[in-house]
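A.B. asks: Sequence first, then the predicted structure, then my questions.
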Amino acid sequence: MSATRPAVGVVIPVRNGARTLAAAIASVLGQSPPPDDVVVVDGGSDDGSASISLSLGVRVIAQEGRGLGAARNQGIAAVAGDLVAFCDADDRWTDGALAMRLARLAAEPACGAVIGHLRRTVIGDETPTPQQASRLGQVEPGYTPGALLVRRAALAAVGPFDETLTLGCDSDWFVRLVQSAVRLDVLPDTVLLKGVRNTSLSTDIATYRRELLQVARGFIDRRRRETP
């Protein structure tokens, strides 16, 4: 941990991500300043993902629950650091991504969480679906964990990722963040290269739409409870 900044812990969930995992980890470890702790949460991979992680000097823990939300929650509990960030196995942080987000939190003590922008790209030899291909190169605000740096107090205020949601757990968490009293700042800089692949969870359109409807209902219900 630096004497001038809080410690940063990074959570990397993976399940059979050997083709892209090393690049994801390298993009995190290559930051200046580097994070203080990195933990890979392995969801039962049988392609050597755990071995790759260990060879790069990061901690690996076996996932206990089911799904992405459970992996994120377990990683948050296991990783050391007053600040927490994420990088999925098929994504990469850009150069300077951590420093930019750290600078904002250091300059703005009232800010509980900060995101940058993301750019969708093909990483490795993946072949995107036609829908994914139509979005390649697009830059947009990174309402996804890979673009996020968050204080632990803010994590506690928003609550854990919803482990009942297969695909919508990230969207649900960010909706709850925006509805909470936690201040979220959005940087104009691109901090995340969001990898696309035709086997990603988000290609299950029917489940994704169903869960997004559930997320929307949760948003409306919370709004109604808050309305006097």
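C.D. replies: Perfect, thanks for sending it.
A.B. asks: Give me the sheet partners of the longest strand along the chain and which way each runs.
C.D. replies: Determined from DSSP state E, the single longest strand within the chain is strand 184-195. Its sheet considered, strand 184-195 pairs with strand 92-93 (antiparallel), strand 113-121 (parallel) by DSSP bridges.
A.B. asks: same question for the shortest one, mean pLDDT?
C.D. replies: When pLDDT is averaged along strand 92-93, the result is 98.
A.B. asks: tell me the centre residue of the chain?
C.D. replies: P145 (2.4 Å; CA atoms, centre = their mean).
A.B. asks: That one reaches D172, doesn't it?
C.D. replies: No. Contact criterion CB atoms under 8 Å: P145 and D172 do not qualify, at 11.8 Å. From N, CA and C alone the C-beta is placed, and that goes for glycine too.
A.B. asks: got any residues that touch both of those two?
C.D. replies: Common contact partners of P145 and D172 (CB atoms under 8 Å, 6 or more residues apart in numbering): none.
A.B. asks: related to what we said a few turns ago, contact partners of the longest strand of the chain?
C.D. replies: 20, 27, 87-88, 90-94, 96-97, 100-101, 104, 108, 111-124, 126, 139, 141-142, 144, 146-147, 177-178.
A.B. asks: Quick one: closest of the strands paired with strand 184-195 to S53.
C.D. replies: strand 92-93 (15.4 Å; CB to CB).
A.B. asks: and the contacts of strand 184-195, which are buried?
C.D. replies: 20, 27, 87-88, 90-94, 97, 100-101, 104, 111-123, 126, 142, 144, 146-147, 177 (16 or more other CB atoms under 10 Å).
A.B. asks: By residue count, tell me the biggest helix in this protein.
C.D. replies: Identified as the longest helix of the chain according to DSSP state H is helix 205-226.
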